[in-house]
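Asker: below is the structure, and that's it, no one-letter string:
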């Protein structure tokens, strides 16, 4: 249907306006649509269906990683969720009602999960609705959103109807609660739907049916967005019905200090009515560090790809500077996974089957002509001269196993290093040579980044030196910790593999002399005891040095490592944190540069004009809007619109002359050709420009001869039209502020722009 | 006549006034009474209502009353429904569709809540029913007495000042209710503001019969507080076990001690407030700790005596029963409980006075709840046995977050910069921005002024001018704040952020940073946390949004210290 008809339809709230409404068949698709490539880069050494196959690999890897993130986050939030649930359940317990209180208080449980931690509240709600056996009967939970509460009456109405409109049919929510059947209420002669007495009557019926006083929980989502006067009214009304209706308000907030927010937003008169319990979900860089550590440096869980230092540094920077929200971290990890599968060899992430069902098919596929480039590139990575696909794929398998083993050893070394660092900090020693001057520790993410880069030899040396100087009791504690670490290793095969380490530690412990209080000796035995401690410490230090050093090498040196590590290029932070405004200004000021880089990114298009390196196109060569913006940038704070038009017209005049000269030249050079022969520019701007040029030619042709005046008049009209259109485009993009008093001026909204 | 109702309470001006009102209502009341209680309107209403309740139960009266809270009844229909249902003693039930009281004349429910006219009809029906004795009779009222006495309705409107906001059109009709409905009804407004403040214009409403409640005396407040002491007969110690309190905390034996205790609470807190509710709150939180040493002492005495008895029995070679059995001890403790002697009471009072002050400081602004305070402040065992020098501090504040400081410091770095930029934008006048933040192309790192203010000489002349810091934050457009943010970042952050070789012109990197999505998202996030306040309406998209800083000087200083900004150099009016 034509959108114009849609616009006339008063019942339609939303109309989709297609950029080009007249695309009916495939033939009509404008050519610039093809700018978006069917294949990403690296196409030269890719399998024909490599892109789709790698996306499948991505899905597999990412869903596994996401599951891990979610389970970690859940484990992190679990204590808070449990505390909140217990607060809600016991909100009306006798323990809160001390005798002598002037009036019952309305229980309010405020949960703050800054940084978009909506999962805390959903976990709480789920746990309240479906409690474990031991936790007692379910609560009746209703949700309230800011949009439902523009005023007090609407708020009361949504609160009350959210409870009384329940029926037993909602199986997932009933949880053994039998709701009173809905009865027909007369609109006029029964209680209004915003009358709390209605809820009271319903609750009385509910208690009679179930013989239990279920707690009524009201979850107020994004509590900060509620109108505070409405909430005040709701609180004061609900508190008057308190002993009869066991209401509990659960406030889902994002303010870091819930009680601080409540005190700032509500007067004491309202706070007096409430009994506030506050909970804050854990937050901060430490949480981000923990999660990254538990995903990529955990011994129990093996990640599909290993992060490189660039991404770890980006996470450290982004979480410290912008947001510590877990959603942002998840996005970073997802983008990392997505970017990783751009690499053709990422196809080997999980196996070497190339998307086939069996190894034989994979061999055939690799021998296929279409896979020749891929096979060649793959073969080049190995030293083996054999071009038998079975050999090549076996080598890939071997590389995968090698890298996985190396990565596991690296994680093990990381854990040992962390154990040593923690041990040193617990005694007040510097855990790392990179500790800042002011005593703050280096962020753990930076340390992780150095570990994957293989640049921790200084750390190892530092720790080893510290270990060699430990006292007897400290050494004993450290050995005990190390033994416990190696003894508790998961999975069992790893524990098994590390039996030598355990043996060494046991030996080392036996070498230690007995503690001084047991040793009753003279100076001589004391001296020999000291020497024995020093010897044991040196032994341990040497062992640690030889144990750690080979394990903290960079993984990049392994064959085909790009299939399982993310490479060291920086994270595409523009995707997560773009700067739209400067990008628009830049694109308008330098449209050709943007088009050229677009071509560069998305493959060369056959008839693209070669980008002139370092050479700026003349201003008359730009689209109208760009010309106008260039002139705008040169103006002072206010722009006189007439002057602006004049300067614009001048440029267009040049443009027209150039076009005429060019046309003449061409006319002389060759025979005249069809008007639309050169049509087919790549971008809409270009297409439009060419179209304009054609029109100009058209105008010219018509105008040539003796009708100069008519031509001039038409040209003036065209100039004005083009000016107005460009002006409105700028206005639409927010570059124009209308000056109130000076009607012929506009105010600039951007000033100095770095070019 | 109604004096005996208040035999329990002390006889002071406050109760005198209430009993006068009740006498008036039980004889020939004026149609419109205005009770003004500036201090304790809630107490006034509850006293009036309890008085009316006992009046209504007396024989030979045919009086029904309803108390409507204008806070809860925010709309005429609610007010009419609530008033009529309450007057008729009707409670709607779910099974019959929550129908309102509809009169009993024709069995057909009628609509009385459509408008004020309907309401007066409802009142007339109700009155007629009452005259005919058809209403639900109050349980103990004698039907014969009812029929002979003349019927009277009383409508008490609590928080009447709310009517001015929610239903200003109803003020005058409610004041003239008797006249308009032609029934014997008295409207009583109870409010904390004076009638002059809510009176409809042009004398639309008649002048009420004014009753002004004077503030309660200390004696009466103490008495009221003391009367909230639970009076269970017989005493059931089990019921307080849930509260993690000692089971004998509210034993009747301590009633006199409690009276002394609330007097102490009054004396300590009266400097700050004499609101009965607040005092009751503090008393409820501190009493368990106050009485605990006394109970401990009794328990110790009983145990010691029992141990002694056992020793004697053992020496005498008798059969020794298990005298330390818990239930038996408890029983004996309960029997032995008695008010403590005068000197112990004085010592307790001296010990606990500081903790009552501390409790007030925490509980009055509701930094903690009663139960939290009570459980956190249980005194050490056998406190009374300790010599005075060894008594430990009896105050332990519950670990709630009293200040927002730690949570502010947890904010990401950019959020701190934005908060400081918004604080500066809200405190400095816009015309001074050029002088404070303006930098020439070469003096990127140069500050305009270091240390002291050059305008010190003019300080005397401008002494009358109040610094903006004290006047509260000024709104500022977002663009201005972002520009200030740019200067702050360029001077304090440029060396720390990761290298970006693609930016060559000085300042270009910062320019990119301040136009990134994350910065604007952070502004929105901070606005949702109310650390900055949006002052422009949310539905205006075409204009630049305006904000106001939501943090104070101390918080800004703290944040500035965290990220190494010298805040005082950038404030136009430094301290």
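Answerer: On my side now, so go ahead. Bear in mind that the values here come from a model prediction, so they are computed numbers and not experimental data. Numbering: from 1, shown residues only, chains lettered A, B, ... in the order given.
Asker: let me see the domain layout of the chain.
Answerer: Went with chain A since none was named. Domain assignment for chain A by automatic domain parsing gives A:3-22+A:31-43, A:90-95+A:103-282, A:354-557, A:580-748.
Asker: actually, chain B is the one I wanted.
Answerer: According to automatic domain parsing, the ranges for chain B are B:3-215, B:221-390, B:405-448+B:465-570.
Asker: show me where the stretch 101-250 of chain B has its helices.
Answerer: With DSSP state H, counting those that start in this stretch as the definition, the stretch 101-250 of chain B shows helices at residue ranges B:116-131, B:143-148, B:161-166, B:168-175, B:177-181, B:195-198, B:218-226.
Asker: nearest residue to residue 120 other than its sequence neighbours?
Answerer: This is for chain A. Spatially, and ignoring its direct neighbours in sequence, residue A:120 is nearest to residue A:113 (4.4 Å; Cβ to Cβ, 6 or more residues apart in numbering or on different chains). (Glycine included, C-beta is placed from N, CA and C.)
Asker: can you look at chain B instead?
Answerer: In this structure, residue B:120 finds its nearest non-sequential neighbour in residue B:181, 3.9 Å apart by Cβ to Cβ, 6+ apart.
Asker: same question for residue B:377.
Answerer: With Cβ to Cβ, 6+ apart as the criterion, residue B:377 has its nearest non-adjacent residue at 4.8 Å, and that residue is residue B:289.
Asker: tell me which element that neighbour is part of?
Answerer: Assigning secondary structure by DSSP states H and E places residue B:289 in helix B:276-315.
Asker: how close does the closest residue to chain A within the stretch 1-150 of chain B sit to residue A:303?
Answerer: Per Cβ to the nearest Cβ, residue B:94 is where the stretch 1-150 of chain B lies closest to chain A, at 3.7 Å. Note on residue B:94: its distance to residue A:303, by Cβ to Cβ, to the nearest Å, is 57 Å.
Asker: one more: residue B:249?
Answerer: Relative to residue A:303, and taking Cβ to Cβ, residue B:249 is found at 57 Å.
Asker: export the domains of chain B as CSV, with columns for mean neighbour count and mean pLDDT.
Answerer: Formatted as CSV, the entries for these read as follows, by neighbours: other Cβ atoms under 10 Å in any protein chain shown; pLDDT from 0 to 100:
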stretch, mean neighbour count, mean pLDDT
domain B:3-215, 18, 80
domain B:221-390, 17, 81
domain B:405-448+B:465-570, 17, 83
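Asker: TSV for those, including distance to residue A:750?
Answerer: Converted to TSV, those look like this (distance: least, Cβ to Cβ, whole Å):
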stretch	distance to residue A:750
domain B:3-215	46
domain B:221-390	47
domain B:405-448+B:465-570	10
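Asker: out of those, nearest to residue A:179?
Answerer: Set against residue A:179 and scored by Cβ to Cβ, those come closest in domain B:3-215, at 10.5 Å.
Asker: interface residues of the stretch 351-500 of chain B facing chain A?
Answerer: For the stretch 351-500 of chain B, the residues in contact with chain A (Cβ under 8 Å from any Cβ of the partner chain) are B:365-367, B:369-371, B:374, B:400-401, B:403-404, B:407-408, B:410-414, B:497-498.
Asker: ok, now with 7 Å
Answerer: Taking Cβ under 7 Å from any Cβ of the partner chain as the contact definition, the stretch 351-500 of chain B meets chain A at B:365-366, B:369-371, B:374, B:400-401, B:404, B:407, B:410, B:412-414, B:498.
Asker: residue A:664: which of the residues you listed is nearest?
Answerer: The shortest gap between residue A:664 and any of those belongs to residue B:498, at 54.8 Å (Cβ to Cβ).
Asker: helix, strand or coil for the closest one?
Answerer: Under DSSP: H, G, I helix; E, B strand; the rest coil, residue B:498 falls in the coil class.
Asker: now tabulate the domains of chain A in TSV and tack on mean neighbour count and mean pLDDT.
Answerer: Formatted as TSV, those follow (neighbours: other Cβ under 10 Å; pLDDT from 0 to 100):
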stretch	mean neighbour count	mean pLDDT
domain A:3-22+A:31-43	10	56
domain A:90-95+A:103-282	19	84
domain A:354-557	16	84
domain A:580-748	14	75
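Asker: between these, which one is nearest to residue B:195?
Answerer: Between residue B:195 and those, the shortest gap by Cβ to Cβ is with domain A:90-95+A:103-282, which sits at 21.5 Å.
Asker: and the closest one, how far out from the chain's middle?
Answerer: Centroid separation for domain A:90-95+A:103-282 versus its chain: 32 Å, with Cα atoms, centre = their mean, to the nearest Å.
Asker: may I have the distance across that domain, first residue to last?
Answerer: The stretch domain A:90-95+A:103-282 measures 23 Å between its terminal residues, going by Cα to Cα, to the nearest Å.
Asker: how about the residues of the stretch 1-150 of chain B near chain A?
Answerer: Along the stretch 1-150 of chain B, the residues adjacent to chain A under the rule Cβ under 7 Å from any Cβ are B:69, B:71-72, B:74-75, B:77-78, B:81, B:92-95, B:97-100, B:102, B:109, B:111.
Asker: state the distance from the residue nearest to residue B:120 to residue B:124.
Answerer: If you measure residue B:181 against residue B:124 using Cβ to Cβ, the figure is 6 Å.
Asker: the strands in the stretch 51-200 of chain B, which residues?
Answerer: Using DSSP state E, counting those that start in this stretch, the strands of the stretch 51-200 of chain B run over B:62-69, B:151-158, B:185-191.
Asker: whoops, the stretch 301-450 of chain A was the one
Answerer: Under DSSP E, counting those that start in this stretch, the stretch 301-450 of chain A gives no strands.
Asker: looking at it, what residue ends up closest to chain B?
Answerer: Counting by Cβ to the nearest Cβ, the stretch 301-450 of chain A gets nearest chain B through residue A:322, at 4.2 Å.
Asker: I'd say that residue and residue B:412 touch.
Answerer: Yes: under the criterion of Cβ atoms under 7 Å, residue A:322 lies in contact with residue B:412, with a separation of 5.6 Å.
Asker: show me the contacts for residue B:571.
Answerer: Listed by Cβ atoms under 7 Å, 6 or more residues apart in numbering or on different chains, the contact partners of residue B:571 are B:424, B:427, B:428.
Asker: now, the residues you listed that are in helices?
Answerer: If you go by DSSP state H, those have B:424, B:427 in helices.
Asker: between the contacts of residue B:571, which sits nearest residue B:231?
Answerer: Distance to residue B:231, by Cβ to Cβ, is smallest for residue B:427 among the contacts of residue B:571, at 57.6 Å.
Asker: need the contact list for the closest residue to the closest one other than its chain neighbours.
Answerer: In space, and not counting its chain neighbours, residue B:427 is closest to residue B:468: 4.9 Å by Cβ to Cβ, 6+ apart. Contact partners of residue B:468, counting by Cβ under 7 Å, 6+ apart, are B:427, B:474, B:573.
Asker: give me the neighbour count for residue A:565.
Answerer: For residue A:565, the count of nearby residues is 20 (other Cβ atoms under 10 Å in any protein chain shown).
Asker: having no further points to raise, I will conclude here.
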